[in-house]
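Visitor: Quick one, structure for this:
(2 chains)
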Protein chains: 2
Amino acid sequence: MYVAAEGKDYRTVWVEGAPYPPVVHMIDQTKLPVHFEIYASARVETTYWAIKDMIVRGAGAIGAAAAFGMAQGFSENQPEEARNLLNNSRPTAQNLSDATRRVYEAAIGSERSVRTAWETAQALADENVEACEKISKFGEVLIPDNGHVLTHCNAGWLAMVNKGTALGPIYNVHHQGRGVRVTADETRPRGQGALLTAWELFNEGVPHVVAPDTNIAYNLQGKGHFGEVNVVIVGADRIAADGSVANKIGTSVVAALAKRYGVPFYVAAPTATIDLACLDGDAIPIEERGEEEVKYLQGALVVNPGSPVQNPAFDVTPPEDITGIITEHGIIKPTTEEILRIKSAA
Amino acid sequence: MYVAAEGKDYRTVWVEGAPYPPVVHMIDQTKLPVHFEIYASARVETTYWAIKDMIVRGAGAIGAAAAFGMAQGFSENQPEEARNLLNNSRPTAQNLSDATRRVYEAAIGSERSVRTAWETAQALADENVEACEKISKFGEVLIPDNGHVLTHCNAGWLAMVNKGTALGPIYNVHHQGRGVRVTADETRPRGQGALLTAWELFNEGVPHVVAPDTNIAYNLQGKGHFGEVNVVIVGADRIAADGSVANKIGTSVVAALAKRYGVPFYVAAPTATIDLACLDGDAIPIEERGEEEVKYLQGALVVNPGSPVQNPAFDVTPPEDITGIITEHGIIKPTTEEILRIKSAA
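Guide: Residues are numbered from 1 along each chain as shown, chains lettered A, B, ... in the order given. Purely as a prediction, here's the structure:
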């Protein structure tokens, strides 16, 4: 949650305006940290572009935006087209297709389908906030007093509707006055760690340092700015039935080195992120994004002109590298048995 | 070696002008790949700044620049001051203090100390070229026909006086028509892979792709643009007596993942890079560079304003992650026994 100078506070994604239809609003994450701008979308098509172009990004925030987009589809009387469009915006995020399915199925048979769609979408967004609160509570015990947490990409409140998953426990510990320090991986190509996580931590007053992704081994050996790392906490975009976790590219690099150097590695994610249809990590589709994201960073050309680049948005961390998964129903081991148990509790 | 449009070819570092003193010239690597500029240094102080500000960078090129700088120190009749100054420019590079020591010791007792200093520096530069040729020849057998090599940072001819170490074997295979493809890690913060290695490969016509450093696990799993990686080859800035290798930050991340996924990992470096005074990796000093290198990339602000950053320039790869070290005297295992044998052969 961002509290602006004038005292107004913001969720990452929300609706405003008299029903129906209200206008979908989101913080424009492509403009942060230099500019704080609100992107207002009155139609499903602009909501689709907001997701695709990462104006809104992060598993939970994408889910909420897609849910509201689905409601826009009902308002525009084209629910099937809207669902297809939204589902094609970002292929890896589990929350997205889950969100559109849920709103679609609730509203399609309903007598007041438009109202039901908006209410279902709002309920989904509120549940995301609630899940993050619970995840933060379960996760905070993993951080010792004056502990040092390393995180990758951004799984803070900007990635969710509010509060965040990986950063939620950190905020709790910070507000309890127990002391916590954070190393944020830069997370190239889009630099969500350097730009978004650092911005969140800076606003909250949490001591932190931004480290290039090349520093991962150095940091996990305890040689970085804050010394020994007590725990790694990251988010997730989709979790397979065997406990494999798709998350921002580079996450599996962190996990492998954390295992090697004996640092506990936790994934924080609501059970909505679990996709039982994916039996293992190989079944999770990995989005390949455009080359301009690698070639340009904040407007500057950073690759030799004429050289091709690659840009997978995610990688898959195998369950053997994961110490535990922090869900809104508790912390589980990354095994099929535990995944099935927690998913059916949801 | 860069062959310009007008047919003139360039080493990375060279001298021009009637003796004595000639003027030290180097390709300005901070301007590449967009601009090809020559930095001319007539005094040891400007040579010092060229090394410190990474106008010249890479183990062998730094060594040659420092050797010529040491000769400038003799021309300026201040050899002790020059040696101290140069040795303080970049603390991790072994070739640097080795080069200043060699020129200093050859010239200090000599009757014609200025001439001896310049001749010794030139001999050192020429030996670097020769060593690279031999390393390239020994290394080429490690690359299968139509093979795929992954490299980190830049250990091409820009890092040496000519030819390069890690890229030398690639150029040989390419010119033999055997076919070779290269994945170049971007190598944040300074992006030597994306900017310098990509520029070299582009000029030589070697098929290549630039990958963000977060793609390391993804690539070594064989999922990147060119599929399965046959071999990793990187350079070295200093090699300890136990076979530990200090090289550009992130190298040890690549090595750990290469080992995990069964990809052979080779270090290519002249024996001048070996420092027997460092018994193991912990004894190698690691340079911490300025924060502006992380905060800005090609002029753009890429980190949240107000957030601190860290910037270690190197990390240490343990011998157990290294398949072999390619030297000008052959390929050795990273063991103390082999290191001692090859160093005494030098």
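
Visitor: Count residues in the vicinity of A:Gly290, would you?
Guide: Counted with other Cβ atoms under 10 Å in any protein chain shown, the burial measure for A:Gly290 works out to 11 neighbours. Just so you know, the C-beta spots here come from the backbone N, C-alpha and C atoms, and that holds for glycine as well.

Visitor: same deal with A:Val34?
Guide: The local packing of A:Val34 (other Cβ under 10 Å) involves 12 other residues.

Visitor: what about it, distance to chain B?
Guide: For A:Val34, the distance to chain B under the criterion Cβ to the nearest Cβ, to the nearest Å works out to 7 Å.

Visitor: In contact with that residue, which residues?
Guide: A:Val34 makes contacts with B:Leu301, B:Pro305, as judged by Cβ atoms under 8 Å, 6 or more residues apart in numbering or on different chains.

Visitor: Am I right that A:Val294 is in contact with A:Leu301?
Guide: No: under the criterion of Cβ atoms under 8 Å, A:Val294 lies out of contact with A:Leu301, with a separation of 10.7 Å.

Visitor: neighbour count winner among these two?
Guide: Set side by side, A:Val294 and A:Leu301 show unequal neighbour counts under other Cβ under 10 Å, the larger going to A:Val294 at 25 against 17.

Visitor: now that one: how far from chain B?
Guide: The span separating A:Val294 from chain B equals 6 Å under the rule Cβ to the nearest Cβ.

Visitor: tell me which element that residue falls in.
Guide: helix A:292-295 (DSSP states H and E).

Visitor: Show me what that helix is packed up against.
Guide: With contacts defined as 3 or more Cβ pairs under 8 Å, 6 or more residues apart in numbering or on different chains; DSSP states H and E, there are no secondary structure elements packing on helix A:292-295.

Visitor: helices or strands next to the next helix or strand after that helix in the packing?
Guide: Heading C-terminal from helix A:292-295, the first helix or strand you meet, by DSSP H and E, is strand A:296-297. Secondary-structure packing of strand A:296-297 (3+ Cβ pairs under 8 Å, 6+ apart): no helix or strand packs against it.

Visitor: mean confidence score for the following helix or strand past strand A:296-297?
Guide: Heading C-terminal from strand A:296-297, the first helix or strand you meet, by DSSP H and E, is strand A:300-301. For strand A:300-301, mean pLDDT rounds to 92.

Visitor: Following element in sequence after strand A:300-301, please.
Guide: Going down the chain from strand A:300-301, the next helix or strand is strand A:314-317, by DSSP H and E.

Visitor: Pull up the pairing partners for that next one, direction included.
Guide: strand A:245-248 (antiparallel) (DSSP bridges).

Visitor: most remote residue from chain A's center?
Guide: Going by Cα atoms, centre = their mean, the residue of chain A most distant from its centre is A:Glu111, 33.9 Å out.

Visitor: Over to it. Which of the three states is it?
Guide: Secondary structure assignment for A:Glu111 (DSSP: H, G, I helix; E, B strand; the rest coil): coil.

Visitor: What separation do you get for it and chain B?
Guide: The spacing between A:Glu111 and chain B, counted by Cβ to the nearest Cβ, is 48 Å.

Visitor: Equivalent analysis for A:Thr214, please.
Guide: With the distance defined as Cβ to the nearest Cβ, A:Thr214 ends up 3 Å from chain B.

Visitor: Please apply the same query to A:Leu85.
Guide: Separation of A:Leu85 from chain B (Cβ to the nearest Cβ) stands at 28 Å.

Visitor: can you check A:Leu86 too?
Guide: Using Cβ to the nearest Cβ, one gets 27 Å for the distance from A:Leu86 to chain B.

Visitor: thought that residue was touching A:Leu96?
Guide: Yes: contact between A:Leu86 and A:Leu96 holds when scored by Cβ under 8 Å: they sit 6.8 Å apart.

Visitor: Spit out the residues that contact the two alike.
Guide: Between them, A:Leu86 and A:Leu96 share the neighbouring residues A:Ile51, A:Ala66, with contact defined by Cβ under 8 Å, 6+ apart.

Visitor: what does the stretch 101-250 of chain A put close to chain B?
Guide: A:184, A:186-189, A:191, A:194-195, A:198-199, A:201-202, A:208-218, A:223-225, A:248-250 (Cβ under 8 Å from any Cβ of the partner chain).

Visitor: Three-state assignment for A:Ala258, please.
Guide: Going by three-state DSSP, the secondary structure assigned to A:Ala258 is helix.

Visitor: and the spatially closest residue to it that is not a sequence neighbour, what are its phi and psi?
Guide: Take A:Ala258 and drop its neighbours on the chain: the residue closest to it by Cβ to Cβ, 6 or more residues apart in numbering or on different chains is A:Phe265, 4.2 Å away. For A:Phe265, the backbone dihedrals (degrees, to the nearest 10) come out as phi -120, psi 110.

Visitor: Can you get me a residue count around A:Phe265?
Guide: When neighbours are defined as other Cβ under 10 Å, A:Phe265 has 23 of them.

Visitor: residues in contact with it?
Guide: With contact set as Cβ under 8 Å, 6+ apart, A:Phe265 has these partners: A:Val231, A:Val232, A:Val234, A:Val254, A:Ala255, A:Ala258, A:Lys259, A:Asp321, A:Ile322, A:Thr323.

Visitor: Adding secondary structure and distance to B:Thr30, write those out as JSON lines.
Guide: Compiled in JSON lines, the contacts of A:Phe265 are given as follows (DSSP: H, G, I helix; E, B strand; the rest coil; distance: Cβ to Cβ, whole Å):
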{"residue": "A:Val231", "secondary structure": "strand", "distance to B:Thr30": "39"}
{"residue": "A:Val232", "secondary structure": "strand", "distance to B:Thr30": "34"}
{"residue": "A:Val234", "secondary structure": "strand", "distance to B:Thr30": "34"}
{"residue": "A:Val254", "secondary structure": "helix", "distance to B:Thr30": "30"}
{"residue": "A:Ala255", "secondary structure": "helix", "distance to B:Thr30": "35"}
{"residue": "A:Ala258", "secondary structure": "helix", "distance to B:Thr30": "35"}
{"residue": "A:Lys259", "secondary structure": "helix", "distance to B:Thr30": "38"}
{"residue": "A:Asp321", "secondary structure": "helix", "distance to B:Thr30": "38"}
{"residue": "A:Ile322", "secondary structure": "coil", "distance to B:Thr30": "41"}
{"residue": "A:Thr323", "secondary structure": "coil", "distance to B:Thr30": "42"}
